[in-house]
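1. give me a model of this one.
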Amino acid sequence: MSDYIVRATAANAAIRAFAITSRELVETARKYHNTSPIMTAALGRLLSGGAMMGAMLKNETDLLTLQIECSGPAKGLTVTADSKGNVKGFARTPVVDLPPNAQGKLNVGGALDLGILSVMKDIGLKEPYVGQCQLQTGEIAEDLTYYFATSEQIPSAVGLGVLMNKDNTVAQAGGFIIQLMPDTSDEVIEKLEERIQKIDSVTRMLERGLTPEGILEEILGELDVEITDTMPAAFACDCSKVKVSRALSTLSKKDLDSIIQDGESIEVKCQFCNTAYTFDIDELKEIRA
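-> Model (predicted):
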C-alpha cells in the first residue's frame, strides 16, 4: 500500500486529527542516506511528523522545515515538507550505533541527547515564522508534543513509530497527531486522555494491520471521528542542476576563482537525496561571470 495521510475531526470539530502510514517514504530515505537503524528511526519519525505538519499548511506554496540541532552523536536532523504530502530530509550523521535503551528499543533519545527543535514555516510573509523548544526526550514524538504546547499553545498528542526488519529495511512506519481546538469541553479532554493512555504503540497498531483511518478510529472512535480528507505522501526531492548552480553562485568570487584555478571539475551532492551534479571548468566560469 502506498503511503498516505488522512485528516479528520472528532467531537463535533472540537478535535482535529492527522494520521500517516509512511513505510515507503522512510525506506526511500534509508536507501538515499544508508542510515543505521537508530538513524533510520530518528529520521523516519521526523519525516512522518513533518509530512503531517505539512498537511496543516493552508496554501499550496507554503513550506515547513523541522530542524533538530543536538549534542548527541546524531548531531542533527533536517526535514522539509509542503502542503501536498511531499517531504524530504537528511541526518547530519547517517550512522550511529548505540546499545538499546531501557525498554530494549532503538535508542533514538540517546542518539539525539540534549538539543533544540526549530520549526520554520514559510507562508509567504517577509520573514518565515520560527518557533523553537528544547528537546524533552529526544524521542521526537514527545518533543513535537511539547513544541505544540509551548510554541503554538495547542494541546496535542503525537505518536510516531518506525519498526526495522533484521536486514535493516523498514518494516513499518507511521504516526498520528491529535489536537484540541479552543473551548474543548473537559469531558472530551478526559475521554481523549483516558483513551491515549490505553492505546498500543504506533508500530504495534501498524503491525496489527491498522490503516491511518484505523489508527484514528482506535483513538477517537468514541468521539465520533469523521475522516475529512486523504492525500498521498512521498519522499520527494525537487533538486536540479539549475538549483545547485544557484547555490554555487552564492559563493564568493574568491572561492569560485580558487575552485576554477584548481583546473578540475567538481561534484556537488544534494543533501536531501544524495544526487550528484558535476560542473566542469566552463560551467564554473559561467557561474563566476
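2. if we ignore the residues flanking it in sequence, what's nearest residue 253?
-> With Cβ to Cβ, 6 or more residues apart in numbering as the criterion, residue 253 has its nearest non-adjacent residue at 6.5 Å, and that residue is residue 288. C-beta here means a position set from N, CA and C on the backbone, and glycine is covered the same way.
3. may I have the phi/psi pair for that neighbour?
-> When read as degrees, to the nearest 10, the backbone of residue 288 gives phi -60, psi -40.
4. doesn't residue 255 make contact with it?
-> No - taking contacts as Cβ atoms under 8 Å, residue 288 lies outside contact range of residue 255: 9.8 Å.
5. of those two, who's got more company?
-> Taking neighbours as other Cβ atoms under 10 Å, residue 288 and residue 255 compare with residue 288 leading, 15 against 12.
6. how many other residues sit next to residue 128?
-> Neighbourhood size, residue 128 [other Cβ under 10 Å]: 15.
7. wait, I meant residue 86
-> 20.
8. just residue 81 next, same as before
-> In terms of burial, residue 81 registers 28 neighbours under the definition other Cβ under 10 Å.
9. tell me the centre residue of the chain?
-> residue 47 (2.4 Å; Cα atoms, centre = their mean).
10. would you say that one is within a strand?
-> No - counting by DSSP: H, G, I helix; E, B strand; the rest coil, one finds residue 47 to be helix, located in no strand.
11. my read: it touches residue 87, true?
-> Yes - between residue 47 and residue 87 there is a contact under Cβ under 8 Å: 5.3 Å.
12. list the residues that contact both of those two?
-> 25, 79, 235 (Cβ atoms under 8 Å, 6 or more residues apart in numbering).
13. just the buried subset of the residues you listed, please.
-> By neighbour count, with 16 or more other Cβ atoms under 10 Å, the shared contacts of residue 47 and residue 87 hold 25, 79, 235 as buried.
14. name the nearest of these relative to residue 186.
-> residue 79 (35.0 Å; Cβ to Cβ).
15. does that closest one lie in a helix or a strand, and which?
-> According to DSSP states H and E, residue 79 maps onto strand 76-82.
16. for the stretch 1-150 of the chain, which segments are assigned as helices?
-> Ranges of helices within the stretch 1-150 of the chain are 23-33, 37-54, 108-112, 141-151, based on DSSP state H, counting those that start in this stretch.
17. can you tell me which strand in this protein is longest?
-> strand 170-180 (DSSP state E).
18. other residues contacting stretch 112-129?
-> Contacts of stretch 112-129 (Cβ under 8 Å, 6+ apart): 42, 53, 57-59, 61-72, 74, 76-77, 130-135, 138, 140, 143-144, 147, 151.
19. of these, just the buried ones, ChimeraX syntax please.
-> The buried residues among these can be selected in ChimeraX (16+ other Cβ under 10 Å) with this line:
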select :42,53,57,62,63,64,65,66,67,68,69,70,72,74,76,77,133,135,138,140,143,144,147,151
